[in-house]
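Undergrad: what's the 3D shape of this:
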Amino acid sequence: MDGSYNQKLVALGGPTASGKTALGIKLARAFGGEIVSADSMQIYQGLDIGTAKPTQEEQSQATHHLIDFLDPGQPFSVADYVALAQEKIREISARGAQPFVVGGTGLYLSSLLEGIQFSHKMADPELRKTLEREMEELGPQVMYDRLTALDPQAARWIHPNNKVRVIRTLEICLSGGEPASAQKAQAKPERPPYDSLCLCLEFSDRQLLYRRIEERVDRMAEQGILEEARQVYDRRDTYKTAAQAIGYKEFFPYFEGTATLDQALDKLKQATRNYAKRQLTWLRRIPGAVWLQADDPRCGEKALEITANFLERTLN
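TA: Alright, predicted model coming up:
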C-alpha cells in the first residue's frame, strides 16, 4: 500500500462554484498545509477559464499541486491520479506540512481516500483505441447501453454522454473479464491508507448554488472562455478529454453556426447545474464525510474548528 494509515489527510469536496478553492486555501494557511488538487480538468495546461482553475493570486496564497502540469492531448486516468496524489502527499508530509486534498471530482477523492489499488490488467491501450472507433461509429447511446449490460452498477454513476468515462469503464470490464465495479471492490484494501477527514460542501438553498453557477459562467464569458473553447474545438481530435468537458463542448454548436452565443452560454449554465447535482450525488457516497452548509455564514469557522479537532485528536 502506497499510503500510510498514520498519515493525517484532510480532504475537501463539493460541487462546482461552492467555494472549495477559497476554503481550501483558508484551511491550508491555518494549519501549515499544502493543497493537492482533485480536479480531473485543472490538470491541463492552458485550460484555465473553463476549468475554473485557481488564479495565480490564489495559488500564491498556498502551495498547490497537480494543477496545470499536463498537455491537453495527453490521457490521464484515475489510476494516474491516485499514484501522483499519493506521491505528493508523501512529499508534503516529508516537509513537515499538512496535506489537504481539494476538488470536486468525486471519483478522484473516493479512490484516493479508499486506497484503490489499480492493476495493469485494468488498462488495455489497443482495446481502448477499438472502443474509441466504435464510439465514433455507433454513438454514445449504443456504447452506454453496452456498458449497462456489462456493468449496470458502474453505469449508474456515469452520464451516457461522458464518452471518455464510458470507454474507460468498458475497457476495464472487457480487459479484466469481469465488471469494473467488481474489480474496484477487489482493489479496495481492508483498511484505508490514510487517517482522513473529508469535509464536503452543500447548500441548504440549492437555488443559491445555481445562482452562483450562473454568475460564474457570466464571469467566464467576460474573462474570455470563448477563445479557450475555440482552442479546444480546433484541436478536438487530440484534446479528446477537454472536447467532452463541460465548459467547452457547449460552444461547439456556436462555432459550427447552429447556435447563438447566448444559446451556448445558456446550455453551459444548464450543463453545469446538472453536473453539480451529479457531484453531490457522488460525494454522498464517501463514507464518513462531514457535510457543511456553504451558505452558512459560519461555514469557514466550522471547517476550521472541525479540522483543528481532527488534527489534535489524531496527533495524541
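Undergrad: tell me the spacing between the closest residue to Thr105 other than its chain neighbours and Leu107.
TA: What sits nearest to Thr105 in space, not counting adjacent residues and going by C-beta to C-beta, 6 or more residues apart in numbering, is Ser40, at 4.4 Å. All C-beta spots, glycine's among them, are computed from the backbone N, C-alpha and C. Distance of Ser40 to Leu107, given as C-beta to C-beta, to the nearest Å: 8 Å.
Undergrad: the more surrounded of those two?
TA: In terms of neighbours (other C-beta atoms under 10 Å), Ser40 is the more surrounded of Ser40 and Leu107; the figures are 22 against 17.
Undergrad: quick one: the more buried one and Phe76 touch, right?
TA: Yes: taking contacts as C-beta atoms under 8 Å, Ser40 lies within contact range of Phe76: 7.5 Å.
Undergrad: identify the contacts common to the two.
TA: Thr241 (C-beta atoms under 8 Å, 6 or more residues apart in numbering).
Undergrad: buried residues, stretch 97-111. List them.
TA: 98-111 (16 or more other C-beta atoms under 10 Å).
Undergrad: for those residues, work out which two are farthest apart.
TA: Gln98 and Leu107 (23.9 Å; C-beta to C-beta).
Undergrad: please name the nearest non-neighbouring residue to Ser110.
TA: Going by C-beta to C-beta, 6+ apart, Ser110 has Ile286 as its nearest residue, at 5.4 Å.
Undergrad: which SS class is the one you found?
TA: Taken by DSSP: H, G, I helix; E, B strand; the rest coil, the conformation at Ile286 corresponds to coil.
Undergrad: and it, what does it touch?
TA: By C-beta under 8 Å, 6+ apart, Ile286 lies in contact with 13, 106, 109-110, 113, 198, 200.
Undergrad: what is the nearest of those to Ile89?
TA: Leu113 (11.2 Å).
Undergrad: my guess is that closest one contacts Ser196, does it?
TA: Yes: using C-beta under 8 Å, Leu113 is in contact with Ser196, at 5.4 Å.
Undergrad: find residues that contact each of the two.
TA: Taking C-beta under 8 Å, 6+ apart as the criterion, Leu113 and Ser196 both touch 9, 11.
Undergrad: spit out the contact partners of Val78.
TA: By C-beta under 8 Å, 6+ apart, Val78 lies in contact with 107-108, 111, 116, 118.
Undergrad: Val36: which of the residues you listed is nearest?
TA: Of the contacts of Val78, the one sitting nearest to Val36 (C-beta to C-beta) turns out to be Tyr108, at 9.9 Å.
Undergrad: the closest one: what secondary structure?
TA: helix.
Undergrad: Ser196 now?
TA: Looking at Ser196 with three-state DSSP, the answer is strand.
Undergrad: roughly how far apart are it and Trp282?
TA: 17 Å.
Undergrad: the more surrounded of these two?
TA: Ser196 (24 against 18).
Undergrad: quick check: closest non-adjacent residue to the more buried one.
TA: Nearest residue to Ser196, sequence neighbours excluded (C-beta to C-beta, 6+ apart): Leu9, at 4.3 Å.
Undergrad: would you say the one you found is within a helix?
TA: No: assessed by three-state DSSP, Leu9 does not belong to a helix; its assignment is strand.
Undergrad: which strand or helix spans Gln141?
TA: Taking DSSP states H and E as the definition, Gln141 sits inside helix 140-150.
Undergrad: from the rest of the structure, what touches the helix or strand following that helix?
TA: Next along the chain after helix 140-150, taking DSSP H and E as the criterion, comes helix 152-155. Applying C-beta under 8 Å, 6+ apart, the external contacts of helix 152-155 come out as 144, 147-148, 169, 173, 179-181.
Undergrad: in TSV: these, plus pLDDT.
TA: As requested, the contacts of helix 152-155 are arranged in TSV below (pLDDT from 0 to 100):
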residue	pLDDT
Tyr144	89
Leu147	88
Thr148	89
Thr169	85
Cys173	84
Pro179	79
Ala180	71
Ser181	72
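Undergrad: mind listing what's buried along the helix or strand containing Gln263?
TA: Gln263 is part of helix 261-283, with elements assigned from DSSP H and E. Going by neighbour count (16+ other C-beta under 10 Å), the buried part of helix 261-283 is 264-265, 267-269, 271-273, 275-276, 279-280, 282-283.
Undergrad: now stretch 18-38
TA: Within stretch 18-38, the residues that count as buried by 16+ other C-beta under 10 Å are 18-21, 23-28, 31, 33-38.
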